[in-house]
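**Student:** Here is my input; please provide its structure:
(4 chains)
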There are 2 protein chains.
Amino acid sequence: MFTVGEFAQLARVSKRLLRYYDEIDLLKPAHTDSATGYRYYTAEQMAHLNRILVLKDLGLSLDQIRRMLVDRVSTDELQGMLLLKKAEIEQMLRSELQRIRKIEARLHAIHSMEEDQPLDVVIKQIPSQQALSVHAVLPSFTDALAMHRLIQHALPARGDYGLSFTICRDAEIIDQNLILEIGKLIDTPKSSHTPVRVSESVKLSLRELPAVEAMATTIVTGGLDVIHAGYSKMGLWAQANGYHLSGMPREMMLKAAATPDGSDLVTEIQFPVEQA
Amino acid sequence: MFTVGEFAQLARVSKRLLRYYDEIDLLKPAHTDSATGYRYYTAEQMAHLNRILVLKDLGLSLDQIRRMLVDRVSTDELQGMLLLKKAEIEQMLRSELQRIRKIEARLHAIHSMEEDQPLDVVIKQIPSQQALSVHAVLPSFTDALAMHRLIQHALPARGDYGLSFTICRDAEIIDQNLILEIGKLIDTPKSSHTPVRVSESVKLSLRELPAVEAMATTIVTGGLDVIHAGYSKMGLWAQANGYHLSGMPREMMLKAAATPDGSDLVTEIQFPVEQA
DNA sequence: GCTTGAGGTTCACGTAACGTCAACGCTTAG
DNA sequence: CTAAGCGTTGACGTTACGTGAACCTCAAGC
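**Tutor:** Next up, the predicted model:
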């Protein structure tokens, strides 16, 4: 029989830990003096403690260990728990490897473009959204900007409209003509008063932008040249981080231009992606 | 300007998160109404938030991110932190791989020896310990057991003695003759009254067992045959888990034999090991 | 018998990054 | 006028595994 102190020293654990394991019914001393409350452990319990420490080291929680040891679980179940734990660790290893890859990509980005800040790309899930939009074939993004202004003026000020957006319906951005969808999100999807609306020769129609599971997004501040550069950087980023494009890119105008050149535009570029 | 709700929805984070980041000075809204306390965020702050989310995803803590962004840390330092984080993750990957190996070894052990319980091997650090011991060349462990009894009787009952131990001074356990060190630990190292002590023809001398950084230990219950089997299993275990022997094995007698055959002996087998 | 060290219990804290709930104020739409 | 909806603060919970401090009791050696 050993007292806590002796037992703790032999096992090289703290006395506190032994009391704790007693408290959570993981390892009760073989005998507890009812008068003094003193705990007494047998030599055989050292084997028990060792088993606990080993299983803990394998990554099992104390709760699982208690179920396995105190509740006398079968060898098959134990094997199952170990296999499960192993699978868990393997999953974790994969995600940590991915993380390492991202860190390396970022380090590379810092190194290669010294003063240009590296892109901050966040992947988020986007729900489906209702929108009022029009399809247009335009010679340049500058015309798209004009179109946005036109729409802005045509819509009533007091209507639950959200952000202005542009969708490139053609994956290849051709300098000649752009196939675009231009419009505004609708904040309150309940508004049934928005089936169509006319503004000169363009008609806005109600549309539902599909949900996207993984949308790679980044914020750019600046005019059309900066936005265009952002598109190409997003492509590089996807390349470096193991994603590939899986849908039509979108642009969300977070802040409209105050100056004519649009140098204070704030735009969120959105790329639907998939793990390559 | 966006309110928390709008900003949260755009960024796809919770409002709570934004308030939290405000509270910990990680991302303060561009403006806070002093009357109502309402928070207002600008479009530019979305870029800021994105950077925070990206760095968080890379595994940095919010505290580190604050230091990097709010306290305007240099690119070099940022690079250093990322490299450090990468090294951390790599270290973690190594230890998790080791863990996987241990789990696999255990699964294999469960599978191969169906009813014999797999060995529970715990690695601990052992400090140097004082002991009273004698060196002996004996034909068998049975004689060692007898020697332990002899010593037990020769020593005064009331002396701060600890466990009985045996050290195999020869790595190869030869059936012919064993080179052993037999004795008892001394609990209170201050006892200067124990320089030597005589008992018939054997003399116990004061000795200091060296500290061991990594001691693989396991508990076996049973007679000499069981203990001997434990030795060989420990060898197999080390093999399977990537360790190798780096010193003289020790045996600690946790519980002396009550029966002559020693079938209720409880012994801790100790192998000094190193990572292979 | 006295001191001392080891034992006991109980409460609290500590991490990291929020989630959840309660109570309350302000504004607007019906 | 009132209820809905959004905003605020504050406190507590979560998860897992313990550690620390304060305070009290008890066994044992001299």
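**Student:** quick one, helices of the stretch 101-250 of chain A?
**Tutor:** With DSSP state H, counting those that start in this stretch, the ranges of helices along the stretch 101-250 of chain A come out as A:141-154, A:224-241.
**Student:** Could you say which one of these comes nearest to DNA strand C?
**Tutor:** With Cβ to the nearest atom of the strand as the criterion, DNA strand C lies closest to helix A:141-154 of the helices of the stretch 101-250 of chain A, at 20.2 Å. All C-beta spots, glycine's among them, are computed from the backbone N, C-alpha and C.
**Student:** State the mean pLDDT of that closest one.
**Tutor:** Here helix A:141-154 scores 85 as its mean pLDDT.
**Student:** How about stretch A:161-178?
**Tutor:** Regarding stretch A:161-178, the rounded mean pLDDT is 77.
**Student:** Need the distance between the two termini of it.
**Tutor:** Using Cα to Cα, to the nearest Å, the end-to-end distance of stretch A:161-178 comes to 25 Å.
**Student:** nearest residue to A:His135 other than its sequence neighbours?
**Tutor:** With sequence-adjacent residues excluded and distances taken as Cβ to Cβ, 6 or more residues apart in numbering or on different chains, A:His135 is closest to A:Glu181, at 5.3 Å.
**Student:** Then A:Met92?
**Tutor:** B:Glu96 (6.9 Å).
**Student:** does any bit of whichever strand or helix holds that neighbour sit next to DNA strand C?
**Tutor:** Using DSSP states H and E, B:Glu96 sits in helix B:75-112. No. Taking Cβ under 7 Å from any atom of the strand as the criterion, helix B:75-112 and DNA strand C are apart, separated by no less than 11.9 Å.
**Student:** related to what we said a few turns ago, so which of the helices of the stretch 101-250 of chain A is nearest B:Val121?
**Tutor:** Comparing these against B:Val121 with Cβ to Cβ, the closest turns out to be helix A:224-241 (41.4 Å).
**Student:** and the closest one, what does it pack onto?
**Tutor:** The contact analysis (3 or more Cβ pairs under 8 Å, 6 or more residues apart in numbering or on different chains; DSSP states H and E) places helix A:224-241 against helix A:75-112, helix A:141-154, strand A:212-221, strand A:243-245, strand A:266-275.
**Student:** Export the ones you listed to CSV and append columns for mean neighbour count.
**Tutor:** Formatted as CSV, those follow (neighbours: other Cβ atoms under 10 Å in any protein chain shown):
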stretch, mean neighbour count
helix A:75-112, 15
helix A:141-154, 16
strand A:212-221, 20
strand A:243-245, 16
strand A:266-275, 20
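**Student:** could you dump these to CSV with distance to B:Glu88?
**Tutor:** Compiled in CSV, those are given as follows (distance: least, Cβ to Cβ, whole Å):
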stretch, distance to B:Glu88
helix A:75-112, 10
helix A:141-154, 43
strand A:212-221, 26
strand A:243-245, 25
strand A:266-275, 24
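**Student:** so where is chain A shaky, pLDDT-wise?
**Tutor:** Flagging of chain A using pLDDT under 70 yields the residue ranges A:114-115, A:157-159, A:171-176, A:189-200.
**Student:** domain parsing for it?
**Tutor:** Here the domain parsing of chain A from automatic domain parsing is A:2-73, A:122-275.
**Student:** Nearest to DNA strand C, out of the ones you listed?
**Tutor:** Closest among those, using Cβ to the nearest atom of the strand: domain A:2-73, at 2.3 Å.
**Student:** how far does the closest one sit from the chain's center?
**Tutor:** Centroid displacement of domain A:2-73 relative to its chain, using Cα atoms, centre = their mean, to the nearest Å, is 41 Å.
**Student:** That one close to DNA strand D?
**Tutor:** Yes. Residues of domain A:2-73 contacting DNA strand D under Cβ under 7 Å from any atom of the strand: A:14, A:16-17, A:20, A:35-36, A:38, A:56, A:61-63.
**Student:** these two touch, right, the residue nearest to A:His135 and A:Ser133?
**Tutor:** Yes. Here A:Glu181 reaches A:Ser133: they are 5.2 Å apart, a contact under Cβ atoms under 8 Å.
**Student:** Which neighbours do the two have in common?
**Tutor:** Shared contacts of A:Glu181 and A:Ser133, defined by Cβ atoms under 8 Å, 6 or more residues apart in numbering or on different chains, comprise A:167, A:207.
**Student:** Look at these two and report which has more neighbours.
**Tutor:** Comparing A:Glu181 with A:Ser133 by other Cβ atoms under 10 Å in any protein chain shown, the one with more neighbours is A:Ser133, at 21 against 18.
**Student:** Could you find the closest non-adjacent residue to the more buried one?
**Tutor:** A:Gly183 is the one closest to A:Ser133 (Cβ to Cβ, 6+ apart), at 2.7 Å.
**Student:** for A:Thr75, same thing?
**Tutor:** Nearest to A:Thr75 is B:Ile110, by Cβ to Cβ, 6+ apart, at 6.2 Å.
**Student:** Next up, the contacts around that neighbour.
**Tutor:** Neighbour list for B:Ile110: A:75, A:78-79, A:82, B:118 [criterion: Cβ under 8 Å, 6+ apart].
**Student:** rerun at 7 Å
**Tutor:** By Cβ atoms under 7 Å, 6 or more residues apart in numbering or on different chains, the contact list for B:Ile110 reads A:75, A:79, B:118.
**Student:** Look up phi and psi at the residue lying farthest from the centre of chain A.
**Tutor:** Most distant from the centre of chain A: A:Ala35, at 56.7 Å, with distances by Cα atoms, centre = their mean. Dihedral pair for A:Ala35: phi -80, psi -50, per degrees, to the nearest 10.
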